[in-house]
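In: Provided below for reference: sequence and predicted model.
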Amino acid sequence: MDTAEELAKIFIYQNNLIESSIDGIMGCDKEGTVIIYNKSLENILGYPKDEVIKNMRYDQIFPVGGTEKFREALGSEDYGGKNRLFLYETNLVSRSGDNIPVQLSATVLFEGKEEIGMVAFLRDLREMRKLEQQFADQAKLLHQDKMMSLGRLAASVVHEINNPLAEILNYIRLMIKVIGRGHLEPGQVEKFNKYLTMVENETSRCSKIVSNLLAFSRKSETEFKEIDLEDLVQKCVMLSRHKLDLQNIQIQVRMGQGLPRTWGDFNQIQQCLINLIFNAVDAMPIGGVLTIEGAYDQTRKGVVVKVRDTGHGIAKEDLPRIFDPFYTTKREGKGVGLGLSTVHGIIERHKGTIQVESEVGKGTVFIIRLPAS
């Protein structure tokens, strides 16, 4: 093989390498005129090759002020060293005038000490930005749903702690009055001990309820760790107890012995169970029985949590859409259809599943399956 043929093969190989790159590649001479422009960059910007190569300067694809910022970054030491840029994010202007977010890496080319041009590698960030926006929207909906649940919980908690606080106040006033009379009789000391024990127990219970409500209300970062399901269920029941009592709903909790822990975000799984408890409450306006069961699924090596009510049930035609966003079977003003959609999204993100079984007039059961830790 002669030298010319070998050089031709190398040239074809290099050209194919540039053209087949997933990233956009652009090369410029020392005046800034584009001399290399691959297919990926053509797809990103919309300019055809024959319109760009040797006809356009690289600064023509930057928005107003963008070229100056790019040159300043390229000349600084901040992005990989002088005359080099690494993973610099900016916008480019497409042929149709749209701003395209890109991640750009570039280097100035030298021959000896003389600058002969520049090469840049560009990655389209539009799909990533879209995913980021979807994630932000999901987080916003999750928080919105949580605030709705929090409002309902707060109203219930206020009533639940009001009665014991009134009793505590009465006992304290009674003890102050008796002490004010002077000497305490032995029988009164015994009574005081009983009063103080009751005050301690009720204060501790109120404190736990408020602590759980505050923990639920915090807008915390997602934190995956081991979750004790029995502890989580008890906290959900504690927060919902007064609401259940008000609507004459009996609560039964049956957690299997030696239930393994699951892996996930405590706050989000708690939000799921609170949502399902509220759905059960709404389904039993004249009272009923709410049962929460936890068990180990030996076959699937996971945990199963069932939330069962004896309410009015869900119509067969509604069941396929029950987890759709904004779909609700409740009458106007009673729900916006975010609750079950949020629950479904959370369980999916925890690599679990949720199913519903229901019959009109006989109640509903939601079945959550989560992997064991």
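Out: Structure's in. What do you need? Residues are numbered from 1 along each chain as shown.
In: how close does residue 286 get to residue 240?
Out: 18 Å (Cβ to Cβ, to the nearest Å). Using the backbone N, CA and C atoms, a C-beta is placed for each residue, glycine as well.
In: to clarify, my last question referred to residue 48.
Out: Taking Cβ to Cβ, one finds residue 48 at 63 Å from residue 240.
In: who has more neighbours, these two?
Out: A direct count of neighbours by other Cβ atoms under 10 Å for residue 48 and residue 240 places residue 240 higher, at 24 against 11.
In: the more buried one sits in which helix or strand?
Out: In this assignment (DSSP states H and E), residue 240 forms part of helix 229-246.
In: tell me which other helices or strands the helix or strand just after that helix touches.
Out: Next in sequence after helix 229-246, counting helices and strands by DSSP H and E, comes strand 249-255. Applying 3 or more Cβ pairs under 8 Å, 6 or more residues apart in numbering; DSSP states H and E, one finds that strand 249-255 contacts helix 229-246, strand 288-297.
In: direction included, what does the last one pair up with?
Out: Okay, so that is strand 288-297. When sheet partners are counted by DSSP bridges, strand 288-297 sits next to strand 249-255 (parallel), strand 302-309 (antiparallel).
In: and the residue nearest to residue 57 when sequence neighbours are not counted, what's its pLDDT?
Out: Leaving aside its sequence neighbours, residue 57 sits nearest to residue 32 (Cβ to Cβ, 6 or more residues apart in numbering; 4.4 Å). On pLDDT, residue 32 comes in at 86.
In: where do the helices sit along the stretch 101-250 of the chain?
Out: Counting by DSSP state H, counting those that start in this stretch, the segments of the stretch 101-250 of the chain that form helices are 126-180, 186-217, 229-246.
In: just want the angle from the last one to helix 186-217.
Out: Calculated by axes from the mean of the first three to the mean of the last three Cα atoms, to 10 degrees, helix 229-246 forms an angle of 110 degrees with helix 186-217.
In: buried residues in helix 229-246?
Out: 229, 232-233, 235-244 (16 or more other Cβ atoms under 10 Å).
In: which one of the residues you listed is nearest residue 53?
Out: Proximity of the buried residues of helix 229-246 to residue 53 (Cβ to Cβ) peaks at residue 232, which lies at 62.4 Å.
In: and the strand ranked longest in the chain, how far out from the chain's middle?
Out: Assignment by DSSP state E gives strand 99-111 as the longest strand of the chain. Chain-centre distance of strand 99-111: 34 Å, with Cα atoms, centre = their mean, to the nearest Å.
In: what's the answer for stretch 366-373, then?
Out: Here stretch 366-373 shows a centroid-to-chain-centroid distance of 18 Å under the convention Cα atoms, centre = their mean.
In: can you list contacts of it?
Out: 226-227, 260-264, 269, 272, 276, 279, 296-297, 300-308, 347, 350-357 (Cβ atoms under 8 Å, 6 or more residues apart in numbering).
In: what mean pLDDT does it have?
Out: 90.
In: re the thing from before, contacts for the longest strand of the chain, please.
Out: If you take Cβ under 8 Å, 6+ apart as the criterion, strand 99-111 is touched by 24, 44-45, 63, 70, 74, 80, 83-94, 115-126, 129.
In: so where is the protein shaky, pLDDT-wise?
Out: Applying pLDDT under 70 to the chain flags the ranges 1-5, 7-8, 10-16, 134-160, 163, 212, 214-222, 325-339.
In: residue 26: what's it in contact with?
Out: The contact partners of residue 26, by Cβ under 8 Å, 6+ apart, come to 34, 36, 37, 38, 41, 58, 119, 120, 122.
In: repeat for residue 22
Out: Counting by Cβ under 8 Å, 6+ apart, residue 22 touches residue 40.
In: is it in a helix, a strand, or coil?
Out: coil (DSSP: H, G, I helix; E, B strand; the rest coil).
In: contacting residues for the residue nearest to residue 57?
Out: 57, 58, 59, 118.
In: backbone dihedrals for it, please?
Out: Main-chain torsions, residue 32, degrees, to the nearest 10: phi 90, psi 0.
In: elements contacting the helix holding residue 240?
Out: Applying 3+ Cβ pairs under 8 Å, 6+ apart, one finds that helix 229-246 contacts helix 126-180, helix 186-217, strand 249-255, helix 266-283, strand 288-297, strand 302-309.
In: how about 7 Å then?
Out: With contacts defined as 3 or more Cβ pairs under 7 Å, 6 or more residues apart in numbering; DSSP states H and E, the packing partners of helix 229-246 are helix 126-180, helix 186-217, strand 249-255, helix 266-283, strand 288-297.
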